[in-house]
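# Next one to model:
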Amino acid sequence: FFYFEMVRRYGPVIIVPENVDPNADVETLKYPRSHVDTCFNYIVRLCDEAADVLPLAREKRSERRGYFNKEAAMALKARALLYQASDLFNGNPDYTSFVNKNGEPLFGAAYDPEKWRLAADAAIDVITLVNESGGATLINGNTANTDLQAKMLDIEQSTQTFNWLNDEVLWMIKYQSYYDQSLFEYTLPKYNDLSNHTLMGACFVPTMKIVEEFYTENGLPIDQDLRWVGSGNPYALSEENDPKYTDVVALGEPVLNLHRRREPRFYADIAADRCYWRLGTAENNNYLVEMYQGEDWGLTEKRLNSLAPQNITGYYMKKWCSSRATLAAHQGNLSSLGESPFPIFRLAEMYLIAAEALNEYKEAPDAEVYNYLNVVRERAGIPKVEEAWRNARDPNKVNTRDGMRDIIRQEWNIEFAFEGYRYWNVRRWKIANIELNERVYGWNVVGSNANSFYNNGSGPSVVYSGNSFVAPRDYLYPIRSEEVQRAGCVQNPGW
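Below you'll find the predicted structure:
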């Protein structure tokens, strides 16, 4: 696991296959960096060795739940093989001249499509194992006042691990004690009483990029859905009157089209203006989020304060919160539900690995590619991918490998939003120099009415533009100068 974490940060690392005598001569400890495929193959071999002897998660004693199980070892193998097959590590022309201190190449020059097949096989092995053993399954089947609210509960609970219990999580680990206590200080608005909230504090917030990434209720990107209410102008105001959205979107009053008729994951993961946010089980704990300056959930002050953390986009992040915990005592309420470890592998990841790897390996997507993707989509409450795209602006996109690549990548971004995946995915896809150099957009949080908050109807405005990702340098982390000198290893390109 730690080898993998090092490889996705630093690329080729030093493999130490056997314990080394700590008293050995310094020169004998100066191992060269190994070829990146050697690193991945070593990780895979260790995973295979471990999976052979580890018990299934359900066979482990309760006090051993935080340690690796068979499914987790196999999932790590699938994730490692996915990275090995991806553009950053598979035939990357940026690293053809990258050699270790012995002059040996650290990257292969040729692209190898077989690496995608191995990744797909590994992910399918995990899926097969849990299906046959009665192990993990995607959380589904909650009940609530409406079908939409029930689906939102399924999505919310997919990452919740109270008392180390979650049918979807393949492996979870205990938080550092300070982390779970401080998270909500930066995601929830500061709270004074039932009628006075403030954007101050909530600085870990969704950007417009992610808000617009989520699909419409028809399972299509917002720029592809011709039937969506916002297809003409997503930044206009209109009224929602469909009872399907009861207690999810404000009914019978002006709401931004962008916040209407979106997929259940949007409402489960993001708190948007004129939408509801349940924070507590009492009837009055379902809050209507009103974001204009001076409103209950808006900025109290009439100007931003550069000296304090604050929400600069006009959205809140729901993921990691619980609809069972109140706003006033969120952390305390969660603690009463039991210890909440962090999910490292969710079963949904294995389905997306299988879909992505098979799509890259085959000449064109087929039923097998669609089926693995559809398992995730169906749990999310949206139509199957091939059905949804029949009504798209570009219906042929679902039939080509390049088109499906875009669709699958968007599915990654949505399903694992705010779980840390996109940071690594845009690197392995070699699009970080595009994605991470974009300016950040949001709404005018000091606007005290709809017109000023929504930028006079002209769309989102830039709220941050200080991003800087230098390619190819920033795709791999730098190694500490002292380590380079001490160990004699080669520094990463560009540093």
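# Do a quick rundown of the strands in the stretch 101-250 of the chain.
169-173, 190-193, 196-198, 237-239 (DSSP state E, counting those that start in this stretch).
# so for the last one, what's the average pLDDT?
In other words, strand 237-239. The average pLDDT within strand 237-239 is 97.
# Return the list of helices and strands in contact with that strand.
Where contact means 3 or more Cβ pairs under 8 Å, 6 or more residues apart in numbering; DSSP states H and E, strand 237-239 is packed against strand 254-256. In this view, the C-beta of every residue, glycine as well, is placed from N, C-alpha and C.
# ok so, going back, ranking the strands of the stretch 101-250 of the chain by mean pLDDT, which is last?
strand 196-198 (a mean of 56).
# What's the separation between the nearest residue to K244 once chain neighbours are set aside and A388?
Leaving aside its chain neighbours, K244 sits nearest to L148 (5.7 Å; criterion: Cβ to Cβ, 6 or more residues apart in numbering). The spacing between L148 and A388, counted by Cβ to Cβ, to the nearest Å, is 17 Å.
# A355 versus D366, what's the distance?
11 Å.
# Of these two, which one has the most company?
Taking other Cβ atoms under 10 Å, D366 and A355 do not tie; A355 has more neighbours (28 against 13).
# Could you list every helix and strand that the helix or strand where the more buried one lies packs against?
Per DSSP states H and E, A355 falls inside helix 347-361. If you count contacts as 3+ Cβ pairs under 8 Å, 6+ apart, helix 347-361 packs onto helix 70-85, helix 114-133, strand 169-173, helix 367-379, helix 401-415.
# Looking at the closest residue to D269 other than its chain neighbours now. What's its pLDDT?
Residue nearest to D269 in three dimensions, not counting chain neighbours: K319, with 4.7 Å by Cβ to Cβ, 6+ apart. pLDDT, the model's per-residue confidence, is 96 for K319.
# Could you double-check that K319 lies in contact with A417?
Yes - using Cβ atoms under 8 Å, K319 is in contact with A417, at 6.7 Å.
# intersection of neighbour lists for those two?
Each of D269 lies in contact with both K319 and A417 under the rule Cβ atoms under 8 Å, 6 or more residues apart in numbering.
# Between these two, which has more neighbouring residues?
Higher neighbour count among K319 and A417: A417, with 22 against 19, using other Cβ under 10 Å.
# Make sure that one is indeed in a strand.
No - counting by DSSP: H, G, I helix; E, B strand; the rest coil, A417 is not part of a strand but coil.
# In this model E263 seems to touch it, though I could be wrong.
No - applying Cβ under 8 Å as the test, A417 and E263 come out as separate, 11.6 Å apart.
# list residues touching both of the two?
F214.
# So which residue is dead centre in this protein?
With distances taken as Cα atoms, centre = their mean, F416 lies nearest the centre of the chain, 2.9 Å away.
# Contact partners for that residue?
Taking Cβ under 8 Å, 6+ apart, one finds A348, E349, R422 in contact with F416.
# just for this structure, where's the confidence low?
Within the chain, the ranges that satisfy pLDDT under 70 run 177-181, 191-200.
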